[in-house]
Structure formats: C-alpha cells, structure tokens
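In: please find the sequence and the predicted model below.
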Amino acid sequence: MPVSFGLSSPITTRFTRPVKTIADIEALEQRPYDSLIPARNLLHLFEATARLHPDRPALTVLTRGSREPGDVTLTHRQLLAQIIRAANLFRSHGIGKSGGTAAFLCPILPPLFPSLLGAQVAGVASSINYLLNEDAIADLLEAQNATVLVIPAEAADRAIWTKAANVAQRVTSLKTILVIGADGLLPGGFLNYDDAVARAHDTLDFEPSTDRAAICALFHTGGTTGRPKLVRLTHGNQIHAAWSFAQVHGLDELDAAVNGFPLFHVGGTMTLGLSILAAGGHVIMPSPYSLRSPDAIRDYWHTVERFGATIVSGVPTSIAALAEVPVGSSDISTVRMALTGGAVAPKAVSERFQARTGITLFETYGMTETAAAIAFNPGRGTPVQGSVGFRAPFAKTKIVALDDADLKTECPPLASGLVLVCGPQVFPGYLDPQHNNGVLTDDHWIVTGDVGYLTPDQRLVLTGREKDLIVRSGHNIDPAAIEDVANAFPGVQMSSAVGMPDAYAGEVPILFVVPSPGQTIDLAELREHLERNVNESPAKPKRVVLLESLPVTAVGKIFKPTLRDLAVQEKVRSEIDRIFGPDTAAEIRVEKDARLNTLVHVTVNSNDQDRVTALAESLTPLPQTYRIETRSS
C-alpha cells in the first residue's frame, strides 16, 4: 500500500529496498527531494492519509487506562475533520493573523492532539509542560506573546486549572482561554472548547501557508533557572523529520504505536506522533499523563495486546521500568520493534528489556532543535548495541575535535568529538536570537553538545554530553563507562554518575544507584564489582549512594543537575563526618545565584569553632561558594 507525504502526489515513501545501511540512505538521496516529500504544510499530510486510509484508525487516547472504558478513537478521516475545525477555531481567534500564538497547558485529553495540529495549520502553537511552576509558565506565555491558552476543565485536572487561572491574571497578552471538557458555567474570558470547535466549519475558512519555512510550532527546552529557550520549528522541519522516521523505520499504515511521550515534547509529537500518523498508522496514547501514570506502566503489555501494537516506546528510564513489568499472559507477538531515545540507553537496561520481553530495542537520537530527528537504527535492519544508527536522509553529521573552538577539525572514524548536524530538520533558530550563539554556526550546523564518534560504516555512537563529562585533574571521564558496569550488577535497575567536587582533582566520580523493585543491593559488593570492572582507575567512583529513584525530567530523562547538587551535599556530608564525627547533625542546602553560580549553605549543630574553621578550610578550595553557620547542639 502506498504511503503519501502530500496529497498532491500520493507516492510510496519507502524506496525500492528497505533502509538497512548508509548505502540505502545514499541511494534514496538520488531521488528528487520534492518527489519524495511533496507536502508543503502539515495539513497536506493529513489530507493524504484521509484520502488513502480514511477508515483506518489514526489516534486513540486512553482516558482511564487500558482496562477501563472511556477511550476515544479517531479514523484518519475523522482526525482530518477535527484538525480542520480546530484550525478554523484558532484562526477565528486571531492565530495566524495577529502574530500571537496558541499555547496549550493540558494533559493528553482526546481533543488535544488534533487541536494542537489545527493550531499549527492556522498559525503558531506551543505546548507547555504542565509540571512547571506558575512563574515559569507565565514567563513562557509572555515570551511567545500567547493570545490563546487551551487548558483542561477543573474536574479533569484541578492542579493545571488552578495554575492556569492564576497565570491568566498575570499574562496581559492572553485574550481567550479555551477549556477542554468544560461542564457548566465558566469564568469570564473562559470558553468551552468542545462547544466552540463543534460550531466551527468542517472545510477550511482560509488559505493555509504553503511555505515550508513558515514557523508553526514553539517548544521550550533546557534550563531550570532563568527563561527556558523557545525553539522555533517550521512546517518543513516537522515534515522532513516525520518522513525520515517513516522512511528509516519502515513505517506504514499497518503500524500501531504506543506513544509513551507527552505532547509538550518532540518525542511525543514527532518520533511516535506525526511520523506514525503521516504514514497512515495508528497512535495509541496510553494515558493522559503518558507513562508517568503507574496504571499505564502496570497495564502496558495489556495495551499492546489489545491494540495489536507493532511499536512500543519510551525513554531509557521508562524502558527500565517496563522491563520490570511481567508480560504474563499478554500476547505481544505483534510487536516488531521498541524505540527509545532522549538519552543513551544503558547497555544493561537494553539487554534486560530485550531478554525479558523478546523485543528488539532500536535507539534513536534527536533533539528539540531538530524535531527529534538526527539518527536512527533502521527499523527493517539490525540495530547495533550502543549506536543510535545512521543520519537522517538528506542531512549531514560530522564530529569535530573537542579542543577546536573554531569547529573545523573533523575527527577520523572511531575518534570521539563534538557532534554537529545540518539538514532540512534543523530549526531556523530560537525565538530569542541571542540563544543561537554557540548553537547555530554561520553555515547552519547545529552544535548538539553531545560527544560521540562515527564508525567506519557511518553509524553514530554517543559517549556522553560535553557538559556531563566528569573532568578529573584534566582527564575526561565518560559517565557511561561507570554506569554500564553498575547497571550490569544484579539488583540494579538504573544508575547515574556525575562529578563530585574535590579540592585536588576538581571533581571525582560519584555514582547514584536505584535498586530494582523488591531488590536489596549490598553496597560493599557493588563497590567491589565497580573496582574490578571499571576499566580506568580515575573513573572508579569515590562514593556510591543508593536512591529510591533518580531525578528525571517531565519526559523521564535523568536530570543530572539535581544529581550534581546531591553530589555537592555528599561531599559536604563526608567532610562533616571526617571533622565532627558521623553523628553530627547538619543541614546542607544547594542553590543558584542570579548568575547561576552554585551556593552551598551549611548549618552544623556544634559550638566547636576550631572544627568549624577546619570545615571552612576544607571547603574553601572547592569551586562552589560555601556559607557555614552553627547552632547550639
């Protein structure tokens, strides 16, 4: 069956042979780009699938989990109709005419995805992480000049409703707040989304842009302090990314994918969203809160069986959690691949998942600034453990030396360096042009900040983040070299290594470990295991700490800034134990000042000024700023 990437030319997106090697990608690139991807805007994708596969399922949202009634399924014809009505609604509220944006602060309720897509057809849409605090949300809305905000009804999510109500009073650009699932009277300025979209026309009221370079989406990314960066994505960025995923993964209308990512992240909207939908496939959202829902994790394999899923997905922390869920009697024989991305999947986690489920894990690599698409392990080929695969078609990847400030010295195969990418999926820049400095080069290569190397057959292997490297006495230590060893130890579900401050070496490795459910880890045996198996002496962790869970972002990626703060606390605690004794009560608080310098406030229960002085002297050589107070014991 043909898969179209544009109504004007319904052609087969798959080449004459499935993509398995870089040679297949290079052969694909001999075809004219516009003959492969005729779509000029996102609407063209859905017009094509509605024409080719009108009655096949396109989108299912499980509102109460897999085992409870309440899920909503749209066919491709119905999805197109909802997108068009949403586009008309947003255009009637000035989106695409006045310069304002439509912002979404909402869990994955059934109307959300078509509404988000419709807003992009009309103009510019932005989906905001509802877990952010009110200050951050207000900051984002103001930065993007949001004029319309879409939220859930109070009954659907009281926490988001309360945030939205408070933020609406602060953001002067907001003119309209649309409420999904409203029942009854609403405050002034709040409108019932469901009623409004039902009254919208079912044919488009306006001529949509056919300029692939037109901005249609904003995604916030990076940073926990200060204003997060707003990434601008174009119709062309997203179309190319969706086509690349479909091409390299061999997607078609027979694929059904359980999408474990939220829709404020490109993993949810692109990797397991637009790419599946534009190929005529079926996207299943397992809960309004993705895989943050314990019920969605618990019932995951039942969901796979119920919908005959061919693709399952999750960030590495989700994959680790799913590996602990017994498949039991569920029939998961329909699954042909598991996709993971957002971070490098630890080797032990990958092996554990594959051994327990029998599903082959395919790693992908992307970032918000590339609409999630940089490299993929071909879905019809054989993935290579540890590699994120080949570059996207019509794109380029190069590795440059870490010590070359001019980014000109390219590394030979197998030599690690900084990963740079260019291609049709690379964004045109941040909303604030100042954020482009150090990220986009003059010739439009994006500096990813990731460290990796290319194999002789052009597979990309990531070895860490430039800023996540542990630098011990000038020696770069890859955290994965420690984590891979720890993750292979019996009873370890997940681990993460960061640098702990050290007066002599600058920083030394510290390892945080999470046990598998119901497992107990003998720290002495784990330390011995690390001592034996971590290959280089400087990488052997100086301290190992057990945690109930690792701090993660809203999409489940390990959040290393929090671990670095915990490492500072562990360092201070070790100095207090050494100087005052292990039973000394103390409070250690880590925060950032306006310039993002780390400030550490230490309060010790002691009146021994000599020991307080000794503690201050031991902490002074460290790169952080320490303030020590005492209180009577």
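Out: Nice, I can see it.

In: for the rest of this, base every contact and every neighbour count on C-alpha atoms.
Out: OK.

In: correct me, but N192 touches G184?
Out: No - if you go by Cα atoms under 8 Å, N192 and G184 don't touch, sitting 9.1 Å apart.

In: of the two, which one has the most company?
Out: Neighbour tally, N192 and G184, criterion other Cα atoms under 10 Å: the higher count belongs to N192, 19 against 6.

In: how about the more buried one, phi and psi?
Out: Dihedral pair for N192: phi -80, psi 110, per degrees, to the nearest 10.

In: identify the residues contacting it.
Out: Shown in contact with N192 (Cα atoms under 8 Å, 6 or more residues apart in numbering): 178-182, 186.

In: pLDDT value on it, please?
Out: Model confidence at N192, given as pLDDT, is 97.

In: ditto for D157
Out: Looking at D157, its pLDDT stands at 95.

In: now L462, which residues is it bridged with?
Out: Note on L462: beta-bridge partners G452, judged by DSSP bridges.

In: take the contacts of N192 and keep only those in helices.
Out: If you go by DSSP state H, the contacts of N192 have nothing in helices.

In: pull out the buried members of those.
Out: Among the contacts of N192, those buried by neighbour count (16 or more other Cα atoms under 10 Å) are 178-182.

In: what is the nearest of the residues you listed to P428?
Out: L178 (29.7 Å; Cα to Cα).

In: please tell me how far the closest one sits from T162.
Out: Using Cα to Cα, to the nearest Å, we find L178 at a distance of 14 Å from T162.

In: equivalent analysis for S333, please.
Out: Distance from S333 to T162, by Cα to Cα: 44 Å.

In: what does V248 give?
Out: Counting by Cα to Cα, the gap between V248 and T162 amounts to 43 Å.

In: what do you get for V19?
Out: Where T162 is concerned, V19 sits at a distance of 48 Å (Cα to Cα).

In: who has more neighbours, these two?
Out: With neighbours defined as other Cα under 10 Å, V19 and T162 compare such that V19 has more, 24 against 13.

In: and the closest residue to that one other than its chain neighbours, how many neighbours?
Out: Excluding the flanking residues, the one nearest V19 by Cα to Cα, 6 or more residues apart in numbering is V248, at 5.6 Å. For V248, the neighbour count with other Cα under 10 Å is 28.

In: quick check, V248 in a helix?
Out: Yes - counting by DSSP: H, G, I helix; E, B strand; the rest coil, V248 is located in a helix.

In: beta partners for the closest residue in space to Y430 that isn't next to it in sequence?
Out: Spatial nearest neighbour of Y430, excluding adjacent residues (Cα to Cα, 6+ apart): V231 at 4.7 Å. With beta bridges defined as DSSP bridges, V231 has these partners: F219, Y430.

In: so V231 touches H435, yeah?
Out: No - applying Cα under 8 Å, one finds V231 not in contact with H435, separated by 9.6 Å.

In: OK, contacts around S618?
Out: Contacts of S618 by Cα under 8 Å, 6+ apart are 503, 575.

In: wait, is it part of a strand?
Out: No - if the criterion is three-state DSSP, then S618 is helix and not within a strand.

In: pLDDT score for it?
Out: Reported pLDDT for S618: 91.

In: distance-wise, check it relative to V572.
Out: Applying Cα to Cα, the value for S618 to V572 is 9 Å.

In: next, F206: secondary structure please.
Out: Taking three-state DSSP as the rule, one finds F206 in the coil state.

In: how about the contacts made by it?
Out: By Cα under 8 Å, 6+ apart, the neighbours of F206 are N88.

In: if you set the cut-off to 10 Å instead, what comes out?
Out: 87-88, 91, 122 (Cα atoms under 10 Å, 6 or more residues apart in numbering).

In: may I ask which of those has the most neighbours?
Out: For these, the largest neighbour count, defined by other Cα under 10 Å, is 33 neighbours, found at A87.

In: spatially, what comes nearest to that one if we skip its sequence neighbours?
Out: Among residues not flanking A87 along the chain, G118 sits closest, at 4.1 Å (Cα to Cα, 6+ apart).

In: quick one: name whatever helix or strand follows the helix or strand containing the one you found.
Out: Assigned by DSSP states H and E, G118 belongs to helix 112-122. Downstream of helix 112-122, the next assigned helix or strand under DSSP H and E is strand 125-127.

In: tell me the confidence at H475?
Out: You'll see H475 listed with a pLDDT of 66.

In: the closest residue to F580 other than its chain neighbours: what's it in contact with?
Out: Of all residues not flanking F580 in the chain, R611 sits nearest, at 6.8 Å (Cα to Cα, 6+ apart). By Cα under 10 Å, 6+ apart, the contact set of R611 is 576, 579-580, 617.

In: what does T455 give?
Out: Going by Cα under 10 Å, 6+ apart, the list of residues near T455 reads 387, 389-390, 412-415, 461.

In: repeat that for 6 Å
Out: Contacts of T455 were listed using Cα atoms under 6 Å, 6 or more residues apart in numbering, and they are 413-414.

In: one more: W445?
Out: W445 sits next to 421-422 when contact means Cα under 6 Å, 6+ apart.

In: quick one on the thing from earlier: among the contacts of F206, which pair sits farthest apart?
Out: N88 and A122 (7.1 Å).

In: still on that earlier bit, more crowded one of V231 and H435?
Out: V231 (23 against 15).

In: coming back round to it: can I take it that the residue nearest to F580 is in a helix?
Out: Yes - looking at R611 with three-state DSSP, it is inside a helix.

In: going forward, begin numbering at 819 instead of 1
Out: Got it, the first residue is 819 from now on, which makes the last one we talked about R1429.

In: tell me the pLDDT of it.
Out: Confidence score, pLDDT, at R1429: 92.

In: and what of N1425?
Out: 86.

In: how about the secondary structure of R909?
Out: helix.

In: same question, the one 3 residues further on
Out: Of the three states, G912 takes coil under three-state DSSP.

In: can you map out the strands along the stretch 969-1118 of the chain?
Out: Applying DSSP state E, counting those that start in this stretch to the stretch 969-1118 of the chain gives strands spanning 994-998, 1008-1010, 1033-1039, 1047-1052, 1074-1076, 1100-1103.

In: where does the stretch 819-968 of the chain dip in pLDDT?
Out: Low-confidence segments of the stretch 819-968 of the chain (pLDDT under 70): 819-835.

In: one more time with 80, if that's ok
Out: Scanning the stretch 819-968 of the chain for pLDDT under 80 picks out 819-835, 883.

In: all strands of it, in order?
Out: Using DSSP E, counting those that start in this stretch, strands in the stretch 819-968 of the chain cover 875-879, 890-893, 919-922, 943-945, 964-970.

In: can you give the contact residues for the last one?
Out: With Cα under 6 Å, 6+ apart as the test, strand 964-970 has contacts from 918-924, 991-998.

In: list the buried residues of the longest helix along the chain.
Out: Selection of the longest helix in the chain by residue count, based on DSSP H, yields helix 1378-1398. Going by neighbour count (16+ other Cα under 10 Å), the buried part of helix 1378-1398 is 1378, 1381-1391, 1393-1394, 1397-1398.

In: of the residues you listed, the lowest pLDDT goes to which?
Out: Here the lowest pLDDT out of the buried residues of helix 1378-1398 sits on K1378, with 88.

In: quick check: angle from the helix holding G936 to strand 964-970?
Out: Relative orientation of helix 930-940 versus strand 964-970 (axes from the mean of the first three to the mean of the last three Cα atoms, to 10 degrees): 170 degrees.

In: got the CA positions of helix 930-940 in CSV?
Out: Taking Å, rounded to 0.1, in the frame of the first residue of the first chain, the C-alpha atoms of helix 930-940 are listed here in CSV:
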residue,chain,number,x,y,z
LEU,A,930,-5.6,17.8,22.4
PHE,A,931,-3.6,16.3,19.6
PRO,A,932,-5.9,17.4,16.7
SER,A,933,-6.3,20.8,18.4
LEU,A,934,-2.5,21.2,18.6
LEU,A,935,-2.2,20.2,14.9
GLY,A,936,-5.0,22.5,13.9
ALA,A,937,-3.4,25.5,15.7
GLN,A,938,-0.2,24.8,13.6
VAL,A,939,-2.3,24.9,10.4
ALA,A,940,-3.7,28.2,11.5
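
In: since that was my last question, I'll sign off now.
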